[in-house]
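1. just coords:
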């Protein structure tokens, strides 16, 4: 099987890269091993919230030059501040075109409300998630925080208490939904995704409204755990309409309904544009000819090779086994690519639990075009995108989703340019 591009990894970076490539008319296949980090995410997307020295980045695009000085190997620094700004706007457009209803701007971060009621800075958030502008108090009136009886992944009292500490009027409630009684009998199954499958059914809406309405009669706004609207926002919007009050959803412990919805939306967009997805598959070997990759082989395709002119590695970090850590070494398991400089074992971690952990910045070494290196030399047709890249800490710097999307779009544009140059050269020879 032959494609223009084969992407190894079906997470945020792989999907965004694939969407951009297929938008440009290239044939693209994504090899995806299984669940990715989006299934465990809040649904909000970070661009940059802090510099390595701890300085807050309220306006992330204005902090890119300072980031370049403090972290020259950060993917944003390799790409360049002007290009990062351009690609951040492109990412917002692609997400919107894919059908995501998001609020926020790369020009200035905002706060989203966490499942514990705290404020956390971010770039883009689903419309259904409660947010607040920087240096401004939320103007939502009296808030009723409604939990679901028996659902242990969301504690409304903790959320309400924190909101009160922020100076907001809030109260906590539990709703008993008889339609969930059978599901509630098995605590291991009483999770957000399984609950949503019941709450999303149109025939259950009247009962849901009947149970919740008395609890929120005195409230102006309702906060609930994200347990409704698995495939689309329609059930949540219908519930909001029937209750007659503003309704917002707070992400829960994984698997995250909001993260899964983001993944499924991007996946549908990629397929709509003609992209091919190979789910539940895994790359088993990479075949080289000189300094180029000729083809790859996967577990499900056996002896049938996947050939392409360009390849993209977007397999994620340790969480997705895109990187593997042994007691005495860290390595990239698929091709044994060169990694960014790694200190001795004793310095991999910081004794302060909430401090920046050095191992978080481990990742594949690339050149300024984000081409992967092996034995000191760049592989000509292998680009690297997303969490498998080195040089950044996605947690303390608040840039995980941003690096995934920005690097994916940068790589996709590089590939598109390569194909355009090749076509122009062929046309010139034909003349």
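-> That came through fine. Please read all numbers here as calculations on a predicted model, not as lab measurements.

2. what phi and what psi does the backbone show at the nearest residue to residue 137 once chain neighbours are set aside?
-> Leaving aside its sequence neighbours, residue 137 sits nearest to residue 167 (Cβ to Cβ, 6 or more residues apart in numbering; 6.5 Å). C-beta coordinates here come from the backbone N, C-alpha and C atoms, glycine included. Main-chain dihedrals, residue 167, degrees, to the nearest 10: phi 90, psi 20.

3. Okay, now the unreliable bits of the stretch 251-400 of the chain?
-> By pLDDT under 70, the stretch 251-400 of the chain contains no weakly predicted segment.

4. How many residues are close by the residue nearest to residue 137?
-> 8 (other Cβ atoms under 10 Å).

5. same deal with residue 285?
-> 11.

6. which residue packs closest to it, ignoring adjacent ones?
-> Setting aside the residues directly before and after it, residue 285 is nearest to residue 297 in space (Cβ to Cβ, 6+ apart), at 4.8 Å.

7. Could you do residue 229 as well?
-> Per Cβ to Cβ, 6+ apart, closest to residue 229 is residue 236, 4.1 Å.

8. before we move on, back to that, any idea how far residue 115 is from the residue nearest to residue 137?
-> Using Cβ to Cβ, to the nearest Å, we find residue 167 at a distance of 20 Å from residue 115.

9. same thing with residue 226?
-> Distance from residue 226 to residue 115, by Cβ to Cβ: 9 Å.

10. and if you look at residue 178?
-> 25 Å.

11. With residue 217 instead?
-> Residue 217 is 25 Å from residue 115, where distance means Cβ to Cβ.

12. Equivalent analysis for residue 294, please.
-> According to Cβ to Cβ, residue 294 and residue 115 sit 47 Å apart.

13. Show me which of those two is the more surrounded one.
-> The neighbour comparison of residue 294 against residue 115 (other Cβ under 10 Å) goes to residue 115, with 19 against 14.

14. tell me the pLDDT at the more buried one?
-> We have a pLDDT of 93 for residue 115.

15. So for it, what's the nearest residue that isn't a sequence neighbour?
-> Nearest non-adjacent residue to residue 115, counting by Cβ to Cβ, 6+ apart: residue 250, 5.0 Å away.

16. Show me where the stretch 301-431 of the chain has its strands.
-> Taking DSSP state E, counting those that start in this stretch as the criterion, the stretch 301-431 of the chain carries its strands at 306-313, 324-325, 330-331, 371-374, 377-384.

17. Show residues contacting the last one.
-> Spelled out, it's strand 377-384. The set of residues external to strand 377-384 that reach it, using Cβ atoms under 8 Å, 6 or more residues apart in numbering, is 288, 291-293, 308-314, 335, 337, 364, 366-367, 369-373, 407, 411, 414-415.

18. OK, contacts around the closest residue to residue 70 other than its chain neighbours?
-> Leaving aside its sequence neighbours, residue 70 sits nearest to residue 52 (Cβ to Cβ, 6+ apart; 4.7 Å). By Cβ under 8 Å, 6+ apart, the residues touching residue 52 are 67, 70-71, 356, 393, 396-397.

19. and of the residues you listed, the nearest to residue 124?
-> residue 397 (16.6 Å; Cβ to Cβ).

20. excluding its backbone neighbours, what's nearest the closest one?
-> residue 50 (5.4 Å).

21. Next, the contact list for that neighbour, please.
-> 56-57, 396-398.

22. how about 6 Å then?
-> Applying Cβ atoms under 6 Å, 6 or more residues apart in numbering, we find residue 50 in contact with 56-57, 397-398.

23. Separate out the buried members of those residues.
-> Using 16 or more other Cβ atoms under 10 Å as the burial test, those include 57, 397-398 as buried.

24. ok, residue 20 touching residue 411?
-> No - between residue 20 and residue 411 there is no contact, the gap being 8.7 Å when judged by Cβ atoms under 6 Å.

25. isn't the residue nearest to residue 285 right up against residue 283?
-> No - Residue 297 is beyond contact range of residue 283, at 7.3 Å (criterion: Cβ under 6 Å).

26. These two - which one has more neighbours?
-> Ranked by neighbour count (other Cβ under 10 Å), residue 297 and residue 283 place residue 283 first, with 22 against 15.

27. Check the gap between that one and residue 296 for me.
-> Distance from residue 283 to residue 296, by Cβ to Cβ: 5 Å.

28. Next, show the common contact partners of residue 226 and residue 115.
-> residue 251.

29. Which elements pack onto the longest helix seen in the chain?
-> Scanning the chain for the longest helix, with DSSP state H as the assignment, gives helix 400-430. Here helix 400-430 touches helix 12-23, helix 75-79, helix 81-98, going by 3 or more Cβ pairs under 6 Å, 6 or more residues apart in numbering; DSSP states H and E.

30. Give me whichever of those is most buried.
-> helix 12-23 (a mean of 28; mean count of other Cβ atoms under 10 Å).

31. Helix or strand next in line after that helix, which one?
-> strand 28-32 (DSSP states H and E).

32. so what secondary structure elements neighbour that next one?
-> The contact analysis (3+ Cβ pairs under 6 Å, 6+ apart) places strand 28-32 against strand 2-8, helix 12-23, strand 276-279.

33. could I get the ones you listed as JSON lines with distance to residue 240?
-> JSON lines is the format used below for those (distance: least, Cβ to Cβ, whole Å):
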{"stretch": "strand 2-8", "distance to residue 240": "37"}
{"stretch": "helix 12-23", "distance to residue 240": "28"}
{"stretch": "strand 276-279", "distance to residue 240": "33"}
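
34. Tell me which of the ones you listed lies nearest to residue 159.
-> helix 12-23 (27.1 Å).

35. From the rest of the structure, what touches the closest one?
-> 5, 7, 28, 30, 38, 94, 266, 269-270, 273-275, 312, 314, 385-386, 404-405, 408-409, 411-412.

36. what mean pLDDT does the helix or strand containing residue 241 have?
-> Assigned by DSSP H and E, residue 241 falls within helix 234-243. Averaged across helix 234-243, the pLDDT comes to 97.

37. Give the buried residues for it.
-> So, applying 16+ other Cβ under 10 Å, buried residues of helix 234-243: 235-236, 238-240, 242-243.

38. closest to residue 324 among those residues?
-> Relative to residue 324, and with distances defined as Cβ to Cβ, the nearest of the buried residues of helix 234-243 is residue 236, at 39.3 Å.

39. Many thanks, I have nothing further to ask.
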